[in-house]
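Participant: Would you be able to build a 3D model of this:
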Amino acid sequence: MKKRIYLDHAATTPLHADVLAEMLPYFIEAGHNPSSLHAEGRRARAGLDRARDRVAAALGVSRKEITFVGSGSEADNQAILSVARTHGARGRHIVSTQIEHHAILHALDALRDEGFEVTLLPVDQRGLIDPEVFASALRDDTVLASIMYANNEIGVVQPIAQLAAAARKRGVIFHTDAVQGVGLIEVRPRELGVDLLSLSAHKFYGPKGVGVLYVRVGLVLAPLVHGGGQEFGRRSGTENVAGIVGLAAALEQAIGGQSARAARIGALRERLERGIRAQAGEVRINGADAPRLPNNSNVSFADIDSEALLMRLDLEGIAVSAGSACTSGALEPSHVIAALSVDPRWHQGVIRFSLGEGTTEEEIDRVLELVPRITAELRGRAS
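Facilitator: Predicted structure coming up:
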């Protein structure tokens, strides 16, 4: 049996062995409640405190600006819901985009039910927001803007520093979902000028079930989870010390090797896209003309069903992601692809290839052997 090829790192990354090694003691001999005052609890607290310091140093922020949460989705929800509910007296209007992660979009839906007004800005065919359109969307009653740093489907990187500066001029709190960016692009909250920033460990070779919400010093947030007052009162519940230690270790590794990793993976992505363009018939690389994450290649294959292509690749040992969702038995186009305002023929045959640290030239060449043959067969059946 041939070794499988994993090209779905935007969905999750494998846990790094060195990260697991750092976590193991906090499952066993140091796996106690960090709020306990006895020696066992103090040992767990020391591990938690060291991890917070490591994360803060890696991001270039204060330790008190780091809130540990259970996931990127929780970080997004806390940012959106807590800002609105804590600062709603300043205004009831929120600005975001049509291509956000559902953790943002569904939180905004909940706020609409609470009487907030939400403006979802369009993007151009490249997937980029126009900074002037963003600035003009901010109003006197705008309390929050949330713009994703790098899109999880097409990898397009938004000009967050410029957008955050425009929000700051209007006194608008600014949040960015930076879950996809760590280890591939610079993620430094203070340099970006944001008030809130979300991260998730399993996107950069750390464990699942743990994330970070950066909260700028001085910004007050009401908690979503009430209880013992952990995490500076922002998020109650006994901390997942093993996961937090793993997050800190993974973050340091990701940032430390970022430049070399991005260059190597970016070269492999270009090799993949050149081959697909040359051999796989009529295709569109979504976001190709915009700044993108170096590991992301989102391809629309004309006249092909994305689920059929995904399943054929899976049978051949290649794990990728489809760019459409199954709703009530019918494939619906991704909301991100639909927002690009391209011809609808590009909506259904969408596959996301997302490369990672372990991806090799040989794996890319294997994909380029299979994709042209499979797409030709699928088009032949459809004709």
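Participant: how about the helices of this structure, start to end?
Facilitator: In the chain, the segments counted as helices under DSSP state H are 17-23, 39-59, 72-77, 83-87, 102-113, 131-137, 160-169, 189-192, 241-256, 258-279, 306-315, 335-339, 361-382.
Participant: Quick one: closest of those helices to Tyr149.
Facilitator: helix 160-169 (5.3 Å; Cβ to Cβ). For every residue, glycine as well, the C-beta is placed using N, CA and C.
Participant: circling back: using a markdown table, lay out the helices of the chain together with mean pLDDT and distance to Glu29.
Facilitator: Putting these into a markdown table (pLDDT from 0 to 100; distance: least, Cβ to Cβ, whole Å) gives the following:
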| stretch | mean pLDDT | distance to Glu29 |
| --- | --- | --- |
| helix 17-23 | 98 | 13 |
| helix 39-59 | 97 | 8 |
| helix 72-77 | 98 | 28 |
| helix 83-87 | 96 | 40 |
| helix 102-113 | 98 | 35 |
| helix 131-137 | 98 | 51 |
| helix 160-169 | 98 | 42 |
| helix 189-192 | 98 | 34 |
| helix 241-256 | 98 | 12 |
| helix 258-279 | 97 | 33 |
| helix 306-315 | 96 | 41 |
| helix 335-339 | 95 | 45 |
| helix 361-382 | 94 | 39 |
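Participant: Quick check: buried residues in stretch 124-136?
Facilitator: Buried residues in stretch 124-136, defined by neighbour count with 16 or more other Cβ atoms under 10 Å: Gly127, Leu128, Ile129, Phe134, Ala135.
Participant: do stretch 86-95 as well
Facilitator: Buried-residue list, stretch 86-95, by 16+ other Cβ under 10 Å: Thr86, His87, Gly88, Arg90, Gly91, Arg92, His93, Ile94, Val95.
Participant: what residues are up against the fourth one?
Facilitator: Contact criterion Cβ atoms under 8 Å, 6 or more residues apart in numbering gives Asp141, Val143, Gly171 as the residues in contact with Arg90.
Participant: Let me know the closest of the residues you listed to Val210.
Facilitator: Closest approach between the contacts of Arg90 and Val210, by Cβ to Cβ: Val143, at 28.5 Å.
Participant: And the closest one, how far from Gly171?
Facilitator: Between Val143 and Gly171 the distance, using Cβ to Cβ, to the nearest Å, works out to 9 Å.
Participant: Look at these two and report which has more neighbours.
Facilitator: Taking neighbours as other Cβ atoms under 10 Å, Val143 and Gly171 compare with Val143 leading, 21 against 12.
Participant: residues contacting Gln78?
Facilitator: Contact criterion Cβ under 8 Å, 6+ apart gives Thr67, Val69, Leu213, Leu221, Pro223, Leu224, Arg234, Arg235 as the residues in contact with Gln78.
Participant: Could you tell me how many residues sit around the closest residue to Gly317 other than its chain neighbours?
Facilitator: Closest residue in space to Gly317, ignoring its immediate chain neighbours: Arg4 at 4.5 Å, by Cβ to Cβ, 6 or more residues apart in numbering. Burial of Arg4 is recorded as 12 neighbouring residues (other Cβ under 10 Å).
Participant: Let me have the helices of the chain in TSV, adding distance to Ala290 as columns.
Facilitator: Below are these laid out as TSV (distance: least, Cβ to Cβ, whole Å):
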stretch	distance to Ala290
helix 17-23	32
helix 39-59	25
helix 72-77	22
helix 83-87	28
helix 102-113	20
helix 131-137	13
helix 160-169	14
helix 189-192	18
helix 241-256	23
helix 258-279	14
helix 306-315	21
helix 335-339	13
helix 361-382	22
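Participant: ok, Leu309 touching Ala302?
Facilitator: No: proximity of Leu309 to Ala302 does not meet the contact threshold set by Cβ atoms under 8 Å, at 11.7 Å.
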